[in-house]
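> What follows is a predicted structure for the sequence shown.
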Amino acid sequence: MAHVVPTEIPDAPPAPEQQRRGLAGYLLLTPGSLWLAVFFIVPTVSLVATSLYDPSGSLEFGYQMTGHVQNYPHAIAEYWDPIVRSLQYALIATVACMILGYPLAYAIAFKAGRYKTILLVAVIAPFFTSFLVRTLAWQYLLGDNEWVVTFLRWLPFTGAELQLINTPVAVVAGLTYNFLPFFVLPLYASLEKIDHRLLEAAGDLYASPFRGFLKVTLPLSMPGVVAGTLLTFIPAAGDYINDELLGSPKTRMVGNEIQSLFYAGDYPTASALSVALMVTIVLLVAVYVWRAGTDELV
Amino acid sequence: MLQGAGLSALALGSPTLLSACGTESQVQSSDSCKSTDKSEEEKVLVFSNWPEYIDVQGKRMPTLEQFETETGIEVTYNTDINDNAEFFGKVKDQLGSCEPIGRDIITMTDSTAGRMIALGWMQELDKDNLPNVEANLIDGLRSPSWDPEREYSVPWQSGLTGIAYNADVTGEVTSFEEMLTRSDLKGKVGLLTEMEDTMAFMLAIEGADPEDFTEDEWQAAIARLEEVVASGQVRRFTGNDYIRDLKSGNLAACMAWSGDIAAAEDPKIPFVQPEEGLNIWSDNMMVPNKADHKANAEALMNYYYDPVVAATLAAWVWYICPVEGAREEMEKIDPSLVDNNLIFPSEEFLATTRDFMVLDEKTRQQYESDFRQASGG
């Protein structure tokens, strides 16, 4: 995501021979390519293959490879609601991250002064505890008889029946909380790089601070916003921990359905659903990146 | 890049190309999957069990410690089983391809135990090492349909599935039907992720016999479950973790396992025998293929069939004790528990409990799927 600006070093030693440089390039690529091949390409091929198995097989007695593409319409029709729900929850969580995260990143980048490092550490601090443990903590925090709900129920405009845990609100809140740092950090990196002289220039040209923000800061921070939304939306759409711990049968997301299909031993449907989700997300992201027009990302 | 391509082609060679042609049967046998026993050299044992299922004093586990002292076998006790289907999902790939799962004893409920045995994933036990079990296992558990000679399994505890409620949050709940329909319980009810447990009750309220039902009756029960979930009555489907939610009041009433509630010893959380009856089940210790310490595992099984040890355990876990003679020992430990039907049930009491119909593999998979889907809302 970061810009790599090639800089000329004035007194650089003479460049080595062309051939050696080429070899070094390949050598540098090797670990990453191997990693991708073993942990991405092979599993993906396997996943796609599994999604085409004959659904009448079973784990115990083996599956036949019959190229059964009907697994796809079947999986999508059966699990349409959780697919739509996952995308909705992920979208709401991403927008919430944007609303919470932009001012935060802006403040850290421009207003924090000497507290900048401390604030950045505070953003990263949740990572010192496991994702699972933090979500379990939310389970307590949002419990029916804990102080948050007790307080909310006491307010005049909420009913005595108000409930947070095991509702869509809890799931989306959990997603927002868990993915917020993934939005803030790339955005901060983008904002940090903005040249302050541009804002001074805007001021010199009689732009109000707000107009300066709209015309200078916001456009220049777009790569960070796009990176942040992708890093939030993609994992949120496939997440299953938040619903598992904070949700109810009515908030089930596609990740939970996939997991439970694997437990029930229905491999073909589970795989078809996984591939469908992957393709959907890739398409949505492709359209988004194309519309956002941030060449710098690529 | 070239090296990368070469290696990935190598990686593609074995599992993926195979998986592209389908998968093979996961059935194993003692011929196809040979295990070795290192018990002589390695005095260790890894035991996987359900939470709150052994006697505990502070951080110590007295009966287990006594076993370690007596035999010199060091036991690693894990409480990593929360749900049968989930645990099955976790270990099926290793066991199906004859690989070790790193555990010497696992504890599975009847139908899952039967499924694993039928798949050839468990090691046959040596009865010469299990004299206490031979002598003291209660008659009712000696010959389950899925392991008629008890060649592969030894019961750990038996128990009952009924309901429990939190009296701080709600009034008395007397039946399963009531739990699913009472409006003040809306959104505060928990059902179990165990298909057989939950569906036995769903079948019962639909007027079917969970020990002998038809496909139509099954479908009706599934439709009823879908309806209940859609109505928002159910807050969660849970494994053993329902206790936490019930204690905190997030769940007002839920399906529950007898011993959990008894062991919680909270007067505000009573265990109820619902009008629809109780499900009875056993959890069974088994030694998976490729577990290296079968003789050590058998020593532990045998140890827990000593009536004194069994009574000590029963006094803590409050589940049905499968050991003959433990009742007499209980007189010395805690006489108030001797006549407790949840620990030493009478014949008449047992006659009122029910089992679940035995399903073939294909039907089981279909029913698991139906159940998972219906519980998804």
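Noted; the coordinates are in hand. Numbers count the residues shown, from 1 in each chain, chains lettered A, B, ... in the order given.

> Just the CA trace of stretch B:350-363, in PDB.
Taking Å, rounded to 0.1, in the frame of the first residue of the first chain, the C-alpha atoms of stretch B:350-363 are listed here in PDB:
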ATOM      1  CA  LEU B 350     -34.800 -45.200  34.300                       C
ATOM      2  CA  ALA B 351     -37.900 -46.600  32.700                       C
ATOM      3  CA  THR B 352     -39.100 -43.100  32.100                       C
ATOM      4  CA  THR B 353     -36.000 -41.900  30.300                       C
ATOM      5  CA  ARG B 354     -35.500 -42.300  26.600                       C
ATOM      6  CA  ASP B 355     -32.800 -42.900  24.000                       C
ATOM      7  CA  PHE B 356     -32.500 -41.800  20.400                       C
ATOM      8  CA  MET B 357     -33.300 -44.000  17.400                       C
ATOM      9  CA  VAL B 358     -30.300 -45.700  15.900                       C
ATOM     10  CA  LEU B 359     -29.600 -44.100  12.500                       C
ATOM     11  CA  ASP B 360     -27.600 -45.400   9.600                       C
ATOM     12  CA  GLU B 361     -24.700 -43.300   8.300                       C
ATOM     13  CA  LYS B 362     -26.500 -41.800   5.300                       C
ATOM     14  CA  THR B 363     -29.600 -40.800   7.400                       C
END
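
> Need the per-residue pLDDT for the closest residue to B:Gly96 other than its chain neighbours.
Among residues not flanking B:Gly96 along the chain, B:Gln26 sits closest, at 3.0 Å (C-beta to C-beta, 6 or more residues apart in numbering or on different chains). C-beta: built from backbone N, CA, C; applies to glycine. Listed pLDDT for B:Gln26 reads 85.

> can you count the residues close to B:Gln26?
Around B:Gln26 there are 19 other residues, counting by other C-beta atoms under 10 Å in any protein chain shown.

> Likewise for the one 10 residues further on?
As a burial measure, B:Thr36 scores 9 neighbours (other C-beta under 10 Å).

> go on, B:Ala311?
B:Ala311 has 26 nearby residues by other C-beta under 10 Å.

> Do I have it right that it meets B:Glu324?
No. Using C-beta atoms under 8 Å, B:Ala311 is not in contact with B:Glu324; the gap is 11.3 Å.

> give me every residue that touches the closest residue to B:Tyr304 other than its chain neighbours.
Nearest residue to B:Tyr304, sequence neighbours excluded (C-beta to C-beta, 6+ apart): B:Ala310, at 6.2 Å. The contact partners of B:Ala310, taken as C-beta atoms under 8 Å, 6 or more residues apart in numbering or on different chains, are B:136, B:304, B:321-323, B:325-326, B:329.

> May I ask which two of these are separated the most?
B:Pro322 and B:Glu329 (13.8 Å; C-beta to C-beta).

> Show me which of these two is the more surrounded one.
B:Pro322 (25 against 20).

> re earlier: before we move on, what SS does the residue nearest to B:Gly96 have?
coil (DSSP: H, G, I helix; E, B strand; the rest coil).

> got it, and the one 3 residues further on?
The assignment at B:Ser29 comes out as coil when based on three-state DSSP.

> Number of residues surrounding it?
A total of 12 residues lie near B:Ser29 under the criterion other C-beta under 10 Å.

> Tell me the pLDDT of it.
Per the predicted model, pLDDT is 86 at B:Ser29.

> Tell me how far stretch B:131-151 lies from the chain's centre.
A distance of 17 Å separates the C-alpha centroid of stretch B:131-151 from that of its chain, computed with C-alpha atoms, centre = their mean, to the nearest Å.

> Where does pLDDT dip in chain B?
B:1-20, B:377 (pLDDT under 70).

> rerun at 80
B:1-22, B:24, B:361, B:376-377 (pLDDT under 80).

> Break down it into its strands, ranges please.
B:44-48, B:74-78, B:105-109, B:153-165, B:189-192, B:234-238, B:253-257, B:271-272, B:278-286, B:353-354 (DSSP state E).

> what residue lies at the spatial centre of chain A?
A:Thr232 (2.5 Å; C-alpha atoms, centre = their mean).

> doesn't it fall inside a strand?
No. Checked against three-state DSSP, A:Thr232 lies outside a strand; its state is helix.

> In this model A:Val184 seems to touch it, though I could be wrong.
No. The pair A:Thr232 and A:Val184 does not pass the contact test of C-beta under 8 Å, sitting 9.8 Å apart.

> what's in contact with the lengthiest helix in chain B?
Identified as the longest helix of chain B according to DSSP state H is helix B:215-230. For helix B:215-230, the external contacting residues (C-beta under 8 Å, 6+ apart) are A:249-250, B:180, B:198-199, B:202-203, B:205-208, B:213, B:234, B:367, B:370-371, B:374-377.

> Spell out which helix or strand contains A:Leu104, please.
helix A:80-106 (DSSP states H and E).

> Touching the next helix-or-strand element following that helix from outside, list them.
Sequence-wise, the next helix or strand downstream of helix A:80-106 (DSSP H and E) is helix A:116-124. Under the criterion C-beta under 8 Å, 6+ apart, residues A:104, A:107-109, A:112, A:181, A:184-185, A:188 lie in contact with helix A:116-124.

> now the angle from helix A:116-124 to helix A:80-106?
170 degrees (axes from the mean of the first three to the mean of the last three C-alpha atoms, to 10 degrees).

> Near chain A, which residues of the stretch 201-350 of chain B? Just list them.
B:229-230, B:232, B:234-237, B:248-250 (C-beta under 8 Å from any C-beta of the partner chain).

> ok, what's across the strand from the residue of the stretch 51-200 of chain A found nearest chain B?
The stretch 51-200 of chain A approaches chain B most closely through A:Met65 (4.0 Å), counting by C-beta to the nearest C-beta. Beta bridges link A:Met65 to A:Tyr53, judged by DSSP bridges.

> related to what we said a few turns ago, out of the contacts of B:Ala310, who's nearest chain A?
B:Pro322 (28.1 Å).

> coming back round to it: and the residue of the stretch 51-200 of chain A closest to chain B, what is it in contact with?
A:49, A:52-54, B:20-22.
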